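> my questions concern the predicted model and sequence given below.
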Amino acid sequence: MTKRLLATFAMAIAYFSATHSQEWISAPTQDGSMPVFHKTFHLSKKVKSAVLHSSALGVYTLQINGSEIDYSELKPGWTDYRKEIFLQTMTVPKSLLKGDSLSITAQISNGWWIGGITRGVYGNNNRHAFICDIDVTYTDNTKDRFITDTSWQCATDGSLLLGDIYNGETYDARRKPTHWHNAIINTDNKGVLIPEFGPQVKIRDRKLWKTVADITVYEGSIATGTTYGKINNQQLIGPDGHWIKTFNTYSEKHPTWIRLKRGQTFLLDFGQNIVGWIRFTARGNRGTELTWRFGEMLNYNGDAARLDKGPAGSLWTYNLRHAKATLRYIMNGEGNETYHPRYTYFGFRYAELTATDDIDIAANVTGMIVGSDIEEWGTFSCSNPDINQLYSNVWWGQRGNFVSIPTDCPQRDERLGWTGDTQIFSTTALYNSDVKDFYRKWMRDMRNGQRDDGAYPCTAPAANMWGYGGSAWGDAGIIVPWNVYVMTGNTQILTENYESMKRWMKHCAEASEDGWTHIGAETDFGDWLAYKEVEKRYVSYAYFAHTADLMAKISRLLGKNDDTAYYTALHHNIVDEFQRRYITNSEINTGKDTQTAYLLALHFGLLTPKQRPAAIESLRQNIINNSYRLSTGFVGTGILMETLTECGLTDLAYRLLLQRENPSWLYSIDQGATTIWERWDSYTKADGFNKHEWNMNSFNHYSYGAVVQWFYSTILGIRPDESAPGFAHIILAPHFGGGLTWAKGGTMTPHGRIDVEWHHLDNGTYCYTVSIPKGTIATLHLGNRSIEIKGNGKKHKYNVKTNITVR
Ligand code: BGC
């Protein structure tokens, strides 16, 4: 954080502790619609400026004198509300400060405070609440301060009947709040208000929005001999009853209008699995109810054996589990009605609409992307369109799962800050975008959720889902700050979390079983979802060794010499015990020949130099014997490609990247993926939907997208140097291969951009061009040359002859 930001932060805290007299207010009843709070203040003189501080228990929107003043969404975001809640501070625009009154209206909804997503962690009978404080400075420099108290009015008969993260939104456009009551003071919440920081959730840049790629109208289904048959397609017709042959889905002003009749279903395809909400315009009779449902996939042929749940071509929502993810809109019948929700979000490629009466709807329904407003700076493209598609899929996975916190998935009744997923994807996200403060904020959630015995929660903010600890999951508490440090050079995240990290390490160090005393964290998840799973205890040893090693480095950096000695010794002891437990005759012996066992031992340095060659060879053989396919889960896949390159097996890594059989990245693309899926075979054209017994089958789960780290580090060759972090010294180590004839891309560093471009010229000769920022130095490893480059922001060009053949 800059000095200026720090000062603002300190001022805001000082301000709050000195003047904290405003109160949380609630509605006297939780019955009825989502509460609206309102008050009009009299302004005694001409106003020079007004600053508003506000927050809510639940997600809220705010109006001043009838206008929105802030365009961030899903405020106040998700933090561990038991400990802290973000406070938004906004300067009221001058244009709204006319007249002698100031009226404030706030709409509150469930957000992350009430409902399924909390899993009762904040209490069971929570009430929505609002808090606000407006500081007015008059032109004569005198001041007024308006606060929330029981003189505020509250109504629960407004238009928002439901706003809930999992279940969606219900809006009755006929209703307006009319029965106002005095608000009551709410003392439910024990969390402290702190100034918000990190990226806010916003409606993302228009460039990302999606228009409708295809529209289908159908009525009921027709039998085809399968369980559910198929949808009974109807012709698209316009308001005048004429058939529509082509329709305009783009135009703001002149969209094609389509008639949807009662009993029919309208199915929209946005062509891309996205996260956010839709905006639509419709005309119909007052009281007509529109029901929108959202899903990532369609039923294929209506066959229950494929886990289809409806007729071929209809919306498949089975993987949402208990999340209703439904938008209901009740029309006021006053001409064109345009609406988009604001109190929920959906993960979808398809949207389905039905209505209780005939309506006309404009074809320009828009898929608006909603998520943490993070600057996207990573770029990559190459000569293979499938790899480019994979890169795009990973991006959509990141966008869709960075919504206030890093989530596992954006659609089903989960959407939680799963720690393992977060650590696995963190370096990719850091190459892709400006996520330093996003992760700093999330690490607060980790600290706030940390149990007294030092165990980190499995999901942060803690949501009582799977409890605490878990190797490779809880270890995120060490790994994420470390990755942020290496990629940005920022030590603040290490300092902020150091004491908490030590408590996690102590938690791990205290664990023992059957006489083994360096076993590490709990064995909850192992190599989650692997086709061939390694013993879970083995994973916890590997991660414990890795985090002890990182803690030795971190403590050294922070000048904590006693700790360095302790963690160095700890690391030594863990590796020693690992060796005694898992190495027989110099070879890894876990009773099962799994890729992840080799990867962990090689990547985390658990083997002696003498043992490494055999492990590398076994890994190579394992992949070959598996027909050049991986068999790793979240943990193994997260380090797979980097480790192969570290071990001199980059050709094999390229082969895995280009593999099209199950499991592989391109396999899911061949099955139609536009995002990264939770499982390699979440859906297969041959057999349909994955039949995991808990129906854990998300089509937007970014963990396997960690492969993109390798696109930057190895295809482009841009690597940080942990001894000069934040790319002060850049290691450039491109590996040509995979039949690629060119690749280009880059990332941003604290010093400026690094951009790379390479081409295959002829007969194994490549031309590598790079520009690095001023003030940095790079060491370029090209063929058997090492070249020192001084950064001047200009392009440097090198040719290299290799023995690679490109067909
Ligand atoms: C989540 C995962 C998570 C896992 C832990 C799942 O429900 O979706 O991504 O890491 O649980 O095993």
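Good, I have the coordinates. It should be emphasised that the depicted structure is a prediction, and the values quoted were computed from it without experimental measurement.
> C-alpha from now on. contacts and neighbour counts both.
OK.
> what pLDDT does whatever residue of the chain ends up closest to the ligand get?
Nearest to the ligand, among the residues of the chain, is residue 408, at 4.7 Å (Cα to the nearest ligand atom). If you check residue 408, the pLDDT there is 97.
> could you say which helix or strand holds it?
Using DSSP states H and E, residue 408 maps to neither a helix nor a strand.
> identify the residues contacting it.
Shown in contact with residue 408 (Cα atoms under 8 Å, 6 or more residues apart in numbering): 401, 414-418, 421-422, 701-702.
> from residue 264, how far out is residue 576?
Counting by Cα to Cα, to the nearest Å, the gap from residue 576 to residue 264 is 68 Å.
> so where is the protein shaky, pLDDT-wise?
1-21, 807 (pLDDT under 70).
> at 50 what do you get?
In the predicted model, the chain carries pLDDT under 50 at residues 1-8, 10-11, 14-15, 17-19.
> list the buried residues for the biggest strand by length in it?
The strand that spans the most residues within the chain, counting by DSSP state E, is strand 265-284. With burial defined by 16 or more other Cα atoms under 10 Å, the residues of strand 265-284 counted as buried are 265-270, 272-278, 280-284.
> which one of residue 576 and residue 264 is surrounded by more residues?
Ranked by neighbour count (other Cα atoms under 10 Å), residue 576 and residue 264 place residue 264 first, with 21 against 15.
> for the residue nearest to that one when sequence neighbours are not counted, which residues are in contact?
In space, and not counting its chain neighbours, residue 264 is closest to residue 219: 4.5 Å by Cα to Cα, 6 or more residues apart in numbering. Residue 219 makes contact with 231-234, 263-265, according to Cα under 8 Å, 6+ apart.
> phi, psi of the closest residue in space to residue 554 that isn't next to it in sequence?
Closest residue in space to residue 554, ignoring its immediate chain neighbours: residue 494 at 7.2 Å, by Cα to Cα, 6+ apart. Backbone geometry at residue 494, expressed as degrees, to the nearest 10, gives phi -70, psi -50.
> how near is the residue nearest to residue 264 to residue 349?
Taking Cα to Cα, one finds residue 219 at 21 Å from residue 349.
> and for residue 278?
As judged by Cα to Cα, residue 278 and residue 349 stand 11 Å apart.
> grab the nearest non-local neighbour of the residue nearest to the spatial centre of the chain.
Nearest to the geometric centre of the chain sits residue 401, at 2.1 Å (Cα atoms, centre = their mean). Once flanking residues are discounted, residue 401 sits nearest to residue 407: 5.0 Å by Cα to Cα, 6+ apart.
> ok, residue 128 next?
residue 57 (5.4 Å).
> quickly list what the one you found is bridged to.
residue 129 (DSSP bridges).
> need the contact list for it.
With Cα under 8 Å, 6+ apart, residue 57 has these contacts: 108, 110-111, 113, 127-130.
> ok, now with 6 Å
The contact partners of residue 57, by Cα atoms under 6 Å, 6 or more residues apart in numbering, come to 113, 128-129.
> make a markdown table from the residues you listed and add neighbour count and distance to the ligand to it.
Listed next are the contacts of residue 57 as a markdown table, based on neighbours: other Cα atoms under 10 Å; distance: Cα to the nearest ligand atom, whole Å:
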| residue | neighbour count | distance to the ligand |
| --- | --- | --- |
| 113 | 28 | 20 |
| 128 | 28 | 28 |
| 129 | 31 | 30 |
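> can you list the residues of the protein near the ligand?
408, 418, 420-421, 525 (Cα under 6 Å from any ligand atom).
> which residues in the stretch 351-500 of the chain form helices?
385-401, 419-432, 436-449, 476-488, 492-509 (DSSP state H, counting those that start in this stretch).
> what is the third one packed up against?
On a contact count with 3 or more Cα pairs under 6 Å, 6 or more residues apart in numbering; DSSP states H and E, helix 436-449 meets no helix or strand.
> need the residues that contact that helix.
80, 198, 457, 460-462.
> equivalent analysis for the last one, please.
Residues external to helix 492-509 that are found in contact with it (Cα under 6 Å, 6+ apart): 454-455, 481, 520-521.
> between helix 492-509 and the helix or strand following it, find me the angle.
For helix 492-509, the succeeding helix or strand toward the C-terminus, using DSSP H and E, is helix 536-557. Orientation of helix 536-557 against helix 492-509 (axes from the mean of the first three to the mean of the last three Cα atoms, to 10 degrees) gives an angle of 140 degrees.
> going on from helix 536-557, what's the next piece of helix or strand?
helix 561-582.
> give me the buried positions along that next one.
Within helix 561-582, judged by 16+ other Cα under 10 Å, the buried ones are 563-564, 567-568, 570-572, 574-575, 577-579, 582.
> next, the residue nearest to residue 628 when sequence neighbours are not counted: secondary structure please.
In space, and not counting its chain neighbours, residue 628 is closest to residue 656: 6.4 Å by Cα to Cα, 6+ apart. Following DSSP: H, G, I helix; E, B strand; the rest coil, the label given to residue 656 is helix.
> so residue 656 versus residue 216, what's the distance?
Counting by Cα to Cα - residue 656 and residue 216 are separated by 38 Å.
> same thing with residue 198?
Counting by Cα to Cα - residue 198 and residue 216 are separated by 41 Å.
> what do you get for residue 541?
Taking Cα to Cα, one finds residue 541 at 53 Å from residue 216.
> what of residue 231?
Residue 231 is 10 Å from residue 216, by Cα to Cα.
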